[in-house]
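# okay, sequence plus prediction incoming.
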Amino acid sequence: MDPDYIVIGGGSSGCVVANRLSGPGGGTVLLLEAGGSSRGLKYRMPLAATKLWFNPESDWCMLSEPEPALGGRKIGVPRGKALGGSSAINGTIYNRGSPHDFEQWRDLGLNGWDYASVLPYFRRVESHWRGSGRFHGDRGDLPVTSLRYVSPLTDDLLKTARQAGLPIVDDFCGPNPEGVGLSDVNISKAGRRMSAADAFLWPIRHRDTLTVETGARVLGVKVEGGRAVAVTYLRNGATHVVRARKEIIISAGAVHSPQVLLCAGIGPADELKRVGVTPVHDLPGVGRNFNDQPGASFEFKSKLPRTLNGELRFDRLAVRLAQWTVGLGGPASCPPLVGIGSLRTPYVERSPDLRFVLAGATLDSKVWFPGFTRQGEHKMTMRFAVAHPRSRGSITLASNDPLAQPRILFNLLSDPYDLFRLRQYYKFLIGLIRQSEFSHVAGSITRPSPEPSSDIELDNYLRSVAETTSHPMGSCRMGVDADAVVDSECRVRGISGLRVVDASVFPTQISGNPNATAIMLADRVSDMILGRPPLPRGNVTAEEINQGKKNVVAFEEAGLTVV
């Protein structure tokens, strides 16, 4: 029998939608996931996340088009190839961005998406280690925990931040998530990654109302009389056509959701004709407004032997892995974080714009064997990004083959203002690690080497290393204007029975990692689909929302003045 709902994509949002629509008061759900399972051991260990990137078993291994502002470089586009989507391969960091991000959505005409309206859904989906309160919930499906292992260098970073006058954040999901501190994570008490599939799908996989098919590559969405009615997909070499009795929900992510629409003939008509797709509905905004937070990094030596490198000695690592296996935490139970920062700069009006992560490791860190291989140097990596870029890219079809990778163009740093901000952030963070409180930790800069001696040299370096932070969004933008792809209930404009529910609908970037917001959005839209009234607004005041305005970092050439 045909299902009531078909959900395309089992990522962060798709797992939540499948959970909610197949539950009490819902109906029958068919969830189609192009990747495989995410239950293997390789997905469980948080420390090993980078080993999942660009691995064809766990990642789609896509590359962008040549980036014009980056010298024609193609950028890697890590996207999870399994149930849980990119939540199965991400760094497990859990935050929501800034309350002002959602106030901005409201100001764009999206009623019901202000901070007070979305806060109850953030609370409902999580089971937070802090317990229930105005800003957290403790009965949700998604475990949110504190780090079970804290780097011995974290205290040095926090002392340095205080010396620089930066605010220290105890809770990045509280009303004022601006400053420096440690993030919460989506990791179980036993130290295992908790992806969206682990939290929302596996516990309910035996429901009679839910069917999950992995390895299902969607070939098309059929539209009849202005209504989406069926999905065609390929699985195990056979083509299947399934009709939805109620709705089709696309939750394939910021790259693949617009691709599904375009292959269905929903998008810019002239563009579709050029690649041999018959237009069904001319919707010019599909694939436009695509954006990601442009990031860069630098590396420096640690004077103290307290980085992850020491733990990567073969015998020590064996002990740490055994410790993790029996659920006792340790370095393997979390990413190699020293601390994170989310700072409001003079370059934005509302939300924090500088985001950084200090890691006690580099991508070159590797296991070493005493007496056989040399120990690598103790190094640290500072990664930083522009949270609210002006540059916009696009997702377009390379051909009319629905199985071909679409053309992914980020257009990173194409707006000169984004490059200017990245430059200033580099200078600011170099100044931060050279504060006297960090002088016993930070040694010489090893990348870039030699250090840039002018803005021109610095800009050239930043263009050579700029990449995405793997936070793509906006390609099926939610809005009330003519270029919006979906409305405030994520319904595709001009086509009934069809919604897009994932980060592709975010109208603007958020000042954080998108996973929590993608989950919140799916929970809220599921209520809309089922005709349920919205949860009561959160108890938060305008004064609390505006607290962050006091924490503006005043940038000088390499200064750390705070006003």
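Done, it's in. Numbers count the residues shown, from 1 in each chain.
# alpha carbons only for contacts and neighbour counts from here, please
Will do.
# if I look at the residue nearest to Ala332 when sequence neighbours are not counted, how far off is Thr468?
Excluding the flanking residues, the one nearest Ala332 by C-alpha to C-alpha, 6 or more residues apart in numbering is Leu47, at 5.0 Å. Distance check for Leu47 against Thr468: by C-alpha to C-alpha, to the nearest Å, it reads 20 Å.
# how about Leu413?
As defined by C-alpha to C-alpha, Leu413 lies at a distance of 11 Å from Thr468.
# between the two, which contacts overlap?
Residues touching both Leu413 and Thr468 (C-alpha atoms under 8 Å, 6 or more residues apart in numbering) are Pro294.
# ok, these two, which is more surrounded?
Ranked by neighbour count (other C-alpha atoms under 10 Å), Leu413 and Thr468 place Leu413 first, with 28 against 19.
# contact partners for that one?
Contacts of Leu413 by C-alpha under 8 Å, 6+ apart are Ala69, Leu70, Pro294, Ser391, Leu419, Arg463.
# which pLDDT value goes with it?
The model reports Leu413 with a pLDDT of 98.
# please renumber so the chain begins at 19
Happy to do that; since the first residue is 19 now, the last one works out to Leu431.
# quick one: it is in a helix?
No: assigned with DSSP: H, G, I helix; E, B strand; the rest coil, Leu431 falls outside any helix and is coil.
# tell me how far it lies from Asn254.
From Leu431 to Asn254 the distance is 41 Å (C-alpha to C-alpha).
# now swap in Thr296 and tell me
To Asn254, Thr296 is 27 Å away according to C-alpha to C-alpha.
# ok, Ser31 next?
Distance, Ser31 to Asn254, by C-alpha to C-alpha: 25 Å.
# out of these two, which sits in the busier spot?
Between Ser31 and Asn254, Ser31 has the larger neighbour count (other C-alpha under 10 Å), namely 35 against 9.
# determine the set of other helices and strands touching the strand or helix carrying that one.
Using DSSP states H and E, Ser31 sits in helix 30-39. Secondary-structure packing of helix 30-39 (3 or more C-alpha pairs under 8 Å, 6 or more residues apart in numbering; DSSP states H and E): strand 23-26, strand 47-51, helix 214, helix 533-547.
# out of these, nearest to Trp123?
Trp123 lies closest to helix 533-547 among these, at 12.6 Å (C-alpha to C-alpha).
# average pLDDT across that closest one?
Mean pLDDT, helix 533-547: 98.
# what's in contact with it?
Here helix 533-547 has contacts from 30-32, 34-35, 38-39, 105, 112-114, 136, 139-140, 143, 214, 507-508, 519-521, 551-552, using C-alpha under 8 Å, 6+ apart.
# in the helix or strand hosting Lys319, what counts as buried?
If you go by DSSP H and E, Lys319 is part of strand 312-320. Residues of strand 312-320 classed as buried: Pro312, Gly313, Ala314, Ser315, Phe316, Glu317, Phe318, Lys319, Ser320 (neighbour count, 16 or more other C-alpha atoms under 10 Å).
# same check, this time on stretch 62-70
By 16+ other C-alpha under 10 Å, the buried positions in stretch 62-70 come out as Arg62, Met63, Pro64, Leu65, Ala66, Ala67, Leu70.
# pull the number of nearby residues for Trp147.
Neighbours of Trp147 under the rule other C-alpha under 10 Å: 15.
# hmm, it is touching Asp156, no?
Yes: under the criterion of C-alpha atoms under 8 Å, Trp147 makes contact with Asp156 at 7.4 Å.
# Ala422 contacts Ala416, correct?
Yes: Ala422 is within contact range of Ala416, at 7.3 Å (criterion: C-alpha under 8 Å).
# now the helices for the stretch 469-581 of the chain?
With DSSP state H, counting those that start in this stretch as the criterion, the stretch 469-581 of the chain has helices at 473-483, 533-547, 560-563.
# what's near enough to touch the nearest residue to Ser104 once chain neighbours are set aside?
Distances taken as C-alpha to C-alpha, 6+ apart put Gly98 closest to Ser104, at 4.0 Å, once the chain neighbours are dropped. Contact analysis of Gly98 by C-alpha under 8 Å, 6+ apart lists Gly53, Ser76, Asp77, Trp78, Ser104, Ser105, Ala106, Ile107.
# which of those residues ranks first by neighbour count?
Highest neighbour count within these, by other C-alpha under 10 Å: Ala106, with 32 neighbours.
# quick one, what contacts that one?
Shown in contact with Ala106 (C-alpha under 8 Å, 6+ apart): Ser56, Tyr61, Gly98, Ala100, Arg211, Met212, Ser213, Ala214, Ala215.
# mind running it again at 10 Å?
By C-alpha atoms under 10 Å, 6 or more residues apart in numbering, the contact set of Ala106 is 29-30, 55-57, 60-62, 64, 67, 70, 76-77, 97-100, 211-216.
# show me the shaky parts of the stretch 419-568 of the chain.
Low-confidence segments of the stretch 419-568 of the chain (pLDDT under 70): 566-568.
# that older thread, closest one to Trp342 among the helices of the stretch 469-581 of the chain?
helix 533-547 (24.6 Å).
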